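# structure, please.
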Amino acid sequence: MDPKKSITILKEIRDYIIPLGEEELYQLEQNILREGCREPLIVWIKNDQQVLVDGHNRFKICQKNNIPFKIKKKDFKDLDEVKVWMVENQMGRRNLSADQMSYYRGLKYLSLRKKKGGYENVKSKGQNDTSTSEFLANHFNVSESTVKRDAKFAEGLNIIGRTNPKLKMKVLTGEAKVKKSDVQILAGAKNTEKISIKNEADLFNKAKVIREEILNEVESNVKKIHGDKIARAQEIMNTHEPMFVNREERLRKTKGMIISSINRAINKRDVNAIKELKKLIERLADEIMG
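The predicted model follows:
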């Protein structure tokens, strides 16, 4: 079987890894022209197809220049496992910038979290209670919060990449001067599948809108919690009369609460109102007989 004709390229795999820069690609081509393709291409046998996992640039260069190459088959359970392997392979092979390292750490976190059981495939004995973020934090010697921020960065870049892959690569290569926080905030938006980023200015503006929406939602939730606490406090005050209230006032309030409970029980069929009514009647009896 001719490996050149039997290799399948999946866009999802090909685009998963940060591409080489022009200078890196030129140097790779010169090395292969001079020394041949020394490293075998890694393929994954999926549905009787040889899916290329590692070596997309070498494959393209070899095809262009009619240079022979070898292939090496590697077993993977699924696409997520392929992606985890690709990330580890790239992190161990290339000199990465801080943003590129952050992106790969985030990709690995997302890939492991997506698999059922977290990072079950990489856990060792005695680590059953370790979270994915803690495991990766120890693995990369960073904090858990850094790993989680990296995941948001990777998610944000993938959101950008769906509609503007060129901008995604510009961010990763440092060509686009954008705030990392603006990329990360995209992951917190609602309906992320509908987000389209045209350029750097569009990213800035959309990130600002998303940030304001999140802050408004947080503020609304805080107000609701505050309102619920006040309502609960008033309810407690209504059911626990202060000692200084005189007997006539206590009887009047208890009578009003009994009528209110009866109405709730009848009109709304409120079971809790019936329970409350029993307690109020006992309380009234104690007050009268006492």
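
# quick one: the strands in the stretch 1-150 of the chain, in order.
7-8, 41-46, 49-54, 71-73 (DSSP state E, counting those that start in this stretch).

# format those strands as JSON lines; extra columns: mean neighbour count.
Where C-beta positions appear, they are placed from N, C-alpha and C, glycine not excepted. Formatted as JSON lines, these follow (neighbours: other Cβ atoms under 10 Å):
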{"stretch": "strand 7-8", "mean neighbour count": "16"}
{"stretch": "strand 41-46", "mean neighbour count": "18"}
{"stretch": "strand 49-54", "mean neighbour count": "19"}
{"stretch": "strand 71-73", "mean neighbour count": "14"}
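
# any regions of the stretch 151-290 of the chain where pLDDT drops low?
Segments of the stretch 151-290 of the chain classed as low confidence (criterion: pLDDT under 70) are 231, 233-246, 290.

# give me the buried positions along the single longest helix found in the chain.
Longest helix in the chain by number of residues, with DSSP state H as the criterion: helix 200-239. Within helix 200-239, the residues that qualify as buried are 200, 203, 206-207, 210, counting by 16 or more other Cβ atoms under 10 Å.

# next helix or strand past it?
Using DSSP states H and E, the helix or strand that follows helix 200-239 towards the C-terminus is helix 247-267.

# for that following helix, packing partners?
helix 200-239, helix 271-289 (3 or more Cβ pairs under 8 Å, 6 or more residues apart in numbering; DSSP states H and E).

# the first one: how far from the chain's middle?
Which is helix 200-239. 22 Å (Cα atoms, centre = their mean, to the nearest Å).

# got it, and the shortest one?
Shown here is helix 271-289, whose average C-alpha point lies 51 Å from the average C-alpha point of the whole chain (Cα atoms, centre = their mean).

# what about residue 255, how many neighbours?
12 (other Cβ atoms under 10 Å).

# quick check: it touching residue 284?
Yes: the pair residue 255 / residue 284 is scored as a contact, 7.3 Å apart, by Cβ atoms under 8 Å.

# neighbours around residue 90, how many?
With other Cβ under 10 Å as criterion, residue 90 counts 17.

# repeat that for residue 60.
Residue 60: 13 neighbours (other Cβ under 10 Å).

# also residue 262?
Per other Cβ under 10 Å, the neighbour tally for residue 262 reads 14.

# surely it touches residue 277?
Yes: at 6.4 Å, residue 262 and residue 277 qualify as touching, with contact defined as Cβ under 8 Å.

# per-domain residue ranges of the protein.
1-75, 78-217, 218-289 (automatic domain parsing).

# winner for burial among those domains?
Scoring those by mean neighbour count under mean count of other Cβ atoms under 10 Å gives domain 78-217 as the most buried, with a mean of 16.

# please tell me how far it is from the chain's geometric centre.
Distance, centroid of domain 78-217 to centroid of chain: 8 Å (Cα atoms, centre = their mean).
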